[in-house]
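Enquirer: just coords:
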DNA sequence: GTCTATACAAAGATAGAC
DNA sequence: GTCTATCTTTGTATAGAC
């Protein structure tokens, strides 16, 4: 009985988070109001506060949700760790990127959420500032070495960092003009720029 | 007499725009309040409205200011047009990018403004949506052909588009963590990724 | 768990005095 | 050109009933 109630509450919370994500994608976190969330969920504004405590609390829930949902392509890298399927082999940057793009292409809303929050988090005043900085560091930090398989003379970390930046930039265009830009198709073309072919033969 | 008044008014407007840019960089356009602008300028909130008419009007002034100030690297391309200094020669993508990065490195505030407004403009609800979409199209549109000098077999338009996206991504990291990231130095390294050296010899 | 009622602050905008 | 005064709406948050 208690379990059923808790499950219902969990679902309510999920509804609230979903609504918040939609609104953030339209108006940003600054433009988000608890009343707007309440309206979409179909309860009152104090009803929303009952679940998240405060507006900041709602953002925390949203970020947590994002974190839980969005880290799927990391699975690829795990396959190369000791004791896993591809132990001994090395992951390839282009392959990893392709996987990420493919995945993101089907999660437009989540990609948008990331871009919006990430940009608002540029400002130190943003409640998400610390969180996104830490996250960004993981991408561009030289310490993060996945032992990529790359052609001789190529700096793996540099290439990966640059590729992720280009991906981010392309995502922005795709989000703003989904009808004009084919995210996956465009990325496929960019592979020839980032990983030119005689050189990267066998490393893609 | 009338001219002096007009000059003073023009300066006031500039103060207002400057204040707005600062605040947008901290809180975004959604988080911008006319009162906050008024406080920084040292007049009242209706005083601000007297100059810009409405909040949307203020945004228009800000965008106009950005447009007037931020398009300096286009000068480089003009040098290659008929009747100009480098007529007959061809512009180089890496050189153009280097110029742009160099310029942007000294205009952190303006770069931030662009990223913040550009991201908010992802949403069709944003008052700047149309403006930034048009702008983005100019970067990624195949019609914009500057007759770049590129190595044989290289797709100039594709390379330029990808490079601009990578630059945008790098800018985002630099803006969020200026102490950790050296924008120009990092871009210099990325040149080896985007324009690898045996191939691009003489085209940089 | 959800509601009503309410407090309180801040938003954008207008009217009109000086 | 700048102000005060004011209207109206919207924001976050709390208290307490059901």
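Expert: Cool, got the structure. For clarity, every value in this text was computed on a predicted model and none was experimentally measured.
Enquirer: now chain A, which segments are flagged as low pLDDT?
Expert: Within chain A, the stretches with pLDDT under 70 are A:1-5, A:71-72, A:140-144.
Enquirer: who in it is up against DNA strand D?
Expert: Contact residues (CB under 7 Å from any atom of the strand) of chain A with DNA strand D: A:32-36, A:45-46, A:49, A:54-56. For the C-beta atoms, the positions are set from N, CA and C on the backbone; glycine is no exception.
Enquirer: so what are the domain limits for chain A?
Expert: With domains defined by automatic domain parsing, chain A comprises A:1-70, A:71-204.
Enquirer: Let me have those in TSV, adding mean neighbour count as columns.
Expert: Formatted as TSV, the domains of chain A follow (neighbours: other CB atoms under 10 Å in any protein chain shown):
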stretch	mean neighbour count
domain A:1-70	16
domain A:71-204	17
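Enquirer: okay, those in JSON lines with distance to DNA strand C next?
Expert: Converted to JSON lines, these look like this (distance: least, CB to the nearest atom of the strand, whole Å):
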{"stretch": "domain A:1-70", "distance to DNA strand C": "3"}
{"stretch": "domain A:71-204", "distance to DNA strand C": "13"}
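Enquirer: possible to save those as TSV with distance to residue B:111?
Expert: As requested, those are exported to TSV (distance: least, CB to CB, whole Å):
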stretch	distance to residue B:111
domain A:1-70	19
domain A:71-204	10
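Enquirer: Out of the ones you listed, flag the one nearest residue B:135.
Expert: Closest approach to residue B:135 among the domains of chain A (CB to CB): domain A:71-204, 10.1 Å.
Enquirer: so how far is the closest one off the chain centroid?
Expert: Put simply, domain A:71-204 sits 10 Å off its chain's centre (CA atoms, centre = their mean, to the nearest Å).
Enquirer: Also stretch A:66-84?
Expert: With CA atoms, centre = their mean, you get 13 Å for stretch A:66-84.
Enquirer: So what touches it?
Expert: Contacts with stretch A:66-84, where a contact means CB atoms under 8 Å, 6 or more residues apart in numbering or on different chains, come from A:85-87, A:89-91, A:95-96, A:99-100, A:103, A:107, A:110, A:113-114, A:117, A:146-147.
Enquirer: Straight-line length of it, end to end?
Expert: Here the two ends of stretch A:66-84 are set 26 Å apart, with distance taken as CA to CA, to the nearest Å.
Enquirer: cool, and stretch A:177-188?
Expert: 18 Å.
Enquirer: Beyond the helix or strand that contains residue A:191, next helix or strand please.
Expert: Assigned by DSSP states H and E, residue A:191 belongs to helix A:183-194. The helix or strand immediately downstream of helix A:183-194 is helix A:197-200, counting by DSSP H and E.
Enquirer: just to revisit the earlier point, which ones among the contacts of stretch A:66-84 map onto helices?
Expert: Of the contacts of stretch A:66-84, the ones assigned to helices by DSSP state H are A:95-96, A:99-100, A:103, A:110, A:113-114, A:117.
Enquirer: Closest one of the residues you listed to residue B:184?
Expert: Residue B:184 has its nearest neighbour among the ones in helices among the contacts of stretch A:66-84 in residue A:114, at 26.4 Å by CB to CB.
Enquirer: how close does residue A:79 get to residue A:195?
Expert: Distance, residue A:79 to residue A:195, using CB to CB, to the nearest Å: 20 Å.
Enquirer: To clarify, my last question referred to residue A:118.
Expert: Residue A:118 is 25 Å from residue A:195, where distance means CB to CB.
Enquirer: any chance you could map the helices in chain A?
Expert: Counting by DSSP H, chain A has helices at residues A:2-27, A:34-41, A:45-52, A:55-70, A:74-78, A:93-105, A:108-120, A:129-140, A:156-176, A:183-194, A:197-200.
Enquirer: contacts for the shortest one?
Expert: Residues external to helix A:197-200 that are found in contact with it (CB under 8 Å, 6+ apart): A:94, A:151, A:154, B:196.
Enquirer: Contacts only, for the closest residue to the first one other than its chain neighbours.
Expert: Spelled out, it's residue A:94. Leaving aside its chain neighbours, residue A:94 sits nearest to residue A:204 (4.3 Å; criterion: CB to CB, 6 or more residues apart in numbering or on different chains). Going by CB under 8 Å, 6+ apart, residue A:204 touches A:92, A:94-95, A:191, A:195.
Enquirer: how does it look with 10 Å?
Expert: By CB atoms under 10 Å, 6 or more residues apart in numbering or on different chains, residue A:204 lies in contact with A:92-95, A:97-98, A:149, A:191, A:195, A:197.
Enquirer: what's the closest of these to residue B:125?
Expert: Of all the contacts of residue A:204, residue B:125 sits closest to residue A:97, with 31.3 Å by CB to CB.
Enquirer: Pull the contacting residues for the closest one.
Expert: Counting by CB under 10 Å, 6+ apart, residue A:97 touches A:73, A:159-160, A:163-164, A:166-167, A:187, A:190-191, A:194-195, A:204.
Enquirer: ok, those residues vs residue B:136, which is closest?
Expert: The shortest approach to residue B:136 among these belongs to residue A:166, at 14.9 Å (CB to CB).
Enquirer: ok, now how distant is the closest one from chain B?
Expert: To chain B, residue A:166 is 4 Å away according to CB to the nearest CB, to the nearest Å.
Enquirer: So that residue sits against residue A:195, correct?
Expert: No - the criterion here is CB atoms under 10 Å, and residue A:166 misses it with residue A:195 at 11.2 Å.
Enquirer: what is in contact with these two at once?
Expert: Overlap of the contact sets of residue A:166 and residue A:195 (by CB under 10 Å, 6+ apart) consists of A:97, B:193.
Enquirer: show me the residues around residue A:122 that make contact.
Expert: Residue A:122 is in contact with A:129, A:132-133, B:25-26, B:28, B:112, B:115-116, B:119, B:171-177, counting by CB under 10 Å, 6+ apart.
Enquirer: If we use 6 Å, what do you get?
Expert: Counting by CB atoms under 6 Å, 6 or more residues apart in numbering or on different chains, residue A:122 makes contact with B:175-176.
Enquirer: ok, now residue A:139?
Expert: Residues near residue A:139 by CB under 6 Å, 6+ apart: residue A:164.
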